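Chemist: Sequence and predicted model, in that order:
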Amino acid sequence: MQVVFENVTKEFSSRGKTVKAVNGLSLSIKSGTLFGFLGPSGCGKSTSLFMISGIHDLTSGHILFDNKDVSNLAPEKRGVGMVFQNYALYPHLSVRENIEFPLVNSTILSKQLKRQAKELQIKFMDLVDSKVKEVAKVVEITEYLYRKPSELSGGQQQRVAIARALVKEPSILLLDEPLSNLDARLRVQTRDEIRRIQRETGITTVFVTHDQEEALNICDEIAILDNGTLQQVGQPQQVYDRPCNIFVAKFLGSFPINILNSSVKDGNVCIGTMKVGRTTAPDGGYRIGIRPENLLPDDDGNLRLTLTSGLRHGGIETVEGTTSDGQRVRFVKNPSMYDIRFGASISLRCKKDSLILFNDNGETMDQC
Amino acid sequence: MLKKRDYKAYIYLLPAFFLMAVFIMYPVISTFITSFKEGYRFLTDSFVRFSFENYTGILEDETFHRALINTTFIAFICVPFSMLTALIVALLLNSIKKLKGLFMTLFYLPQVTNIIAAGMVFALIFNNNFGLMNLFLGLFGVDPVQWISGVGIAASGELYNQSYMRCLFVLFVYSTWSGLSLKVVLFLGGLQNIRKDYYQVARLDGTSRWKTLKRITLPLLSPTTFYVFITAVITAFKAYSSVVALFTSTYGPAGDNTKMMITIVGYIIDSLGSYLTAGAVSTASAAAVILMTIIMILTALQFKVSKRWVHYK
């Protein structure tokens, strides 16, 4: 199901103060894709998700499901399944009872299923049971069906929560920070699991995270929010390579992007006296962004650094150096490079099309 | 052998242990022994012999039967009703936003009111001649009810029973009201401990309010319910000041000399009051032992049954 935000604003007010959690959000989520809302804490990403579910109502604007306005539709009538950050599994019910909860207790759904069971001439509970088993198989928790949630690991609980959301056969699956409570290894595993389940079921999935790596890894498209305002939306690689502003550029990337002061003169981008690229932008002062992995050692390179320190990230090593005008630059060390001596000089060149020029407002002016 | 740091812990515990030994353990043991002393004289500390006479005497005493019935009435009629009322009030309080603080204060007021004073106010409310209850009923054309009245009951068993029923009703209203405040606060605390996202999930699933209450709220509230029930039943078995406040130290309406509304604790205190009489103190001891046994059996029973309906996280 396609989900469209049309100029959606959400305000929260408490004690006379009004806070705009989401401000004029407009975007479209394609049917059958995995879509990620990404941003720092308090950027409005969870609020956006809760507005899709209907738990939060809109202050203004519209949300459309397949061109049908659902802005004022009650949550239970929207047909969405949601997985909460803390999973919200009922602690007093077994895994099986948790998963069948929506089927048995939902007023609308249980009526539908009872009718269906009558047509198929089977018992209602048998139909429920087969549905529970089917979804348990998809998320691979069949062997834990009779355990209590407290007897499961975080990752298993997560999968039970997904199963409970999926058993209703929702048209949209919403995941609120689904991985934030898991340890690092499990996070990667569960991340792939979510991708697999999404592919297998083909369900439109919206996913909220503050972890850029997660979003870049599994999403078909991502939207980056800051302070309730949409910054950029697009395919992860495209957003990563071509950020629309300095916030997006800084927010994405496992190694923080280098932001340097530079000037443009006669089409040359200069850091100090070093000419590092050509641009069509008018003359003046700019900030430029260059990702550490886009700096390549090259004896003819124009960017000369005095090396100061190195940092290991497991198999990858980054090295920091300073330019002649004292700006610090970090780059990823090529595995074929010799060991580095601090205090020595190195020449680097920027990969083509990887130098991003930002104006005073932080907007991207040119990329070269 | 004790390790060195264990000694320290025991030394720290010693003062508390000493106080417990003097004021709790010794009295309990002493009471238990005294309860078997036949014809015990308190002043001379003398008795005829050890026997079950005190117990058989109590079990044949009609006043004790009354005490047992009245106490059971408070514990198993008033307490459940008071709990149900408290639960409903707490659920309502939990679902409102405006004026919540005001209502919480109002419901907590009985807790900070002196129980004797409040009881006397209730006695006035149910006053036969100028009570608010009769005034209120009068608005609907109901003749004044002799709520707390023992006129002519000595002569007629029927009148006695009618008077008893009315007194039970007054006691019922008073116990429900006075026990409400603490229960509401405890239930409210329990309700606020239930995470919000459980309700959000249930709402997304289209679970009706009634089913949400039945399948989520009540099970998750069960540890609180269990705690409230146990403490309330124990408190109910210790009821004394409420009946004295409502019915004075004769435990009944004016004109009654059967101690119609006496409780077990009332019975114990009455026996102790005539300590100069041979056997009075030992009778009180036996009644206290019976009370303790009842409370212990009930609590053990509750814990056993609770495993089936209390869900701890």
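Modeler: Done, it's in. A quick note: this is a predicted structure, and the numbers were derived from the prediction, not measured.
Chemist: Tell me how far B:Ala168 lies from A:Ser94.
Modeler: Actually, residue B:168 is Leu rather than Ala. Distance, B:Leu168 to A:Ser94, using C-beta to C-beta, to the nearest Å: 45 Å. Placement of C-beta: from N, CA and C, glycine included.
Chemist: Please, which helix or strand holds residue 301?
Modeler: Went with chain A since none was named. Assigned by DSSP states H and E, A:Gly301 falls within no helix or strand.
Chemist: Can you look at chain B instead?
Modeler: For B:Leu301, the host element (DSSP H and E) is helix B:280-309.
Chemist: which parts of the stretch 201-350 of chain A sit against chain B?
Modeler: Applying C-beta under 8 Å from any C-beta of the partner chain, one finds that the stretch 201-350 of chain A does not approach chain B at all.
Chemist: need the strands for the stretch 201-350 of chain A, in chain order.
Modeler: Remark: strands assigned in the stretch 201-350 of chain A by DSSP state E, counting those that start in this stretch are A:204-209, A:221-226, A:229-234, A:258-265, A:268-271, A:274-278, A:284-290, A:295-297, A:303-313, A:316-322, A:328-332, A:345-350.
Chemist: Please identify the most buried of those strands.
Modeler: When you average the neighbours per residue for each of the strands of the stretch 201-350 of chain A (mean count of other C-beta atoms under 10 Å in any protein chain shown), strand A:204-209 leads with a mean of 26.
Chemist: Correct me if wrong, but A:Ser71 is in a strand.
Modeler: No: per DSSP: H, G, I helix; E, B strand; the rest coil, A:Ser71 lies outside any strand segment and is coil.
Chemist: Report how many residues lie close to it.
Modeler: If you count neighbours by other C-beta atoms under 10 Å in any protein chain shown, A:Ser71 ends up with 15.
Chemist: And for B:Ser242?
Modeler: Neighbour tally, B:Ser242, other C-beta under 10 Å: 23.
Chemist: how close does it sit to B:Asn114?
Modeler: Plainly put, B:Ser242 is 12 Å away from B:Asn114 if you go by C-beta to C-beta.
Chemist: before we move on, what about A:Thr318?
Modeler: 73 Å.
Chemist: Determine the longest helix present in the chain.
Modeler: All of this refers to chain A. The longest helix of chain A (DSSP state H) is helix A:184-201.
Chemist: nope, chain B
Modeler: Counting by DSSP H, the longest helix found in chain B is helix B:157-192.
Chemist: Return the list of helices and strands in contact with whichever helix or strand comes after that helix.
Modeler: Sequence order places helix B:196-204 as the next helix or strand after helix B:157-192, per DSSP H and E. Here helix B:196-204 is seen to pack against strand A:80-83, helix B:209-212 when contacts are counted using 3 or more C-beta pairs under 8 Å, 6 or more residues apart in numbering or on different chains; DSSP states H and E.
Chemist: Now find how far off-centre helix B:196-204 is within its chain.
Modeler: 37 Å (C-alpha atoms, centre = their mean, to the nearest Å).
Chemist: then it to CSV, C-alphas only?
Modeler: Provided in CSV are the C-alpha atoms of helix B:196-204 (Å, rounded to 0.1, in the frame of the first residue of the first chain):
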residue,chain,number,x,y,z
LYS,B,196,1.5,2.6,27.8
ASP,B,197,2.5,0.7,24.7
TYR,B,198,0.5,-2.4,25.8
TYR,B,199,-2.6,-0.2,25.4
GLN,B,200,-1.3,1.2,22.1
VAL,B,201,-0.9,-2.2,20.7
ALA,B,202,-4.3,-3.3,21.9
ARG,B,203,-5.8,-0.2,20.3
LEU,B,204,-4.1,-0.8,17.0
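Chemist: so what's residue 193 up against?
Modeler: Using chain A. A:Glu193 makes contact with A:Val139, A:Arg159, according to C-beta atoms under 8 Å, 6 or more residues apart in numbering or on different chains.
Chemist: You answered for a different chain; I wanted chain B.
Modeler: Shown in contact with B:Asn193 (C-beta under 8 Å, 6+ apart): B:Thr224.
Chemist: Same question for A:Phe331.
Modeler: Each residue near A:Phe331 by C-beta under 8 Å, 6+ apart is listed here: A:Asn258, A:Pro292, A:Glu293, A:Leu295, A:Leu305, A:Thr318, A:Val319, A:Gly321, A:Leu348.
Chemist: quick one on the thing from earlier: mind checking which of the helices and strands packed on helix B:196-204 is nearest A:Lys148?
Modeler: A:Lys148 lies closest to strand A:80-83 among the helices and strands packed on helix B:196-204, at 18.7 Å (C-beta to C-beta).
Chemist: With just CA atoms, put that closest one into PDB.
Modeler: Written as PDB, here are the backbone C-alpha positions of strand A:80-83 (Å, rounded to 0.1, in the frame of the first residue of the first chain):
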ATOM      1  CA  VAL A  80      -1.500  -1.400  10.100                       C
ATOM      2  CA  GLY A  81       0.700  -3.700  12.200                       C
ATOM      3  CA  MET A  82       3.200  -2.100  14.500                       C
ATOM      4  CA  VAL A  83       6.200  -3.200  16.400                       C
END
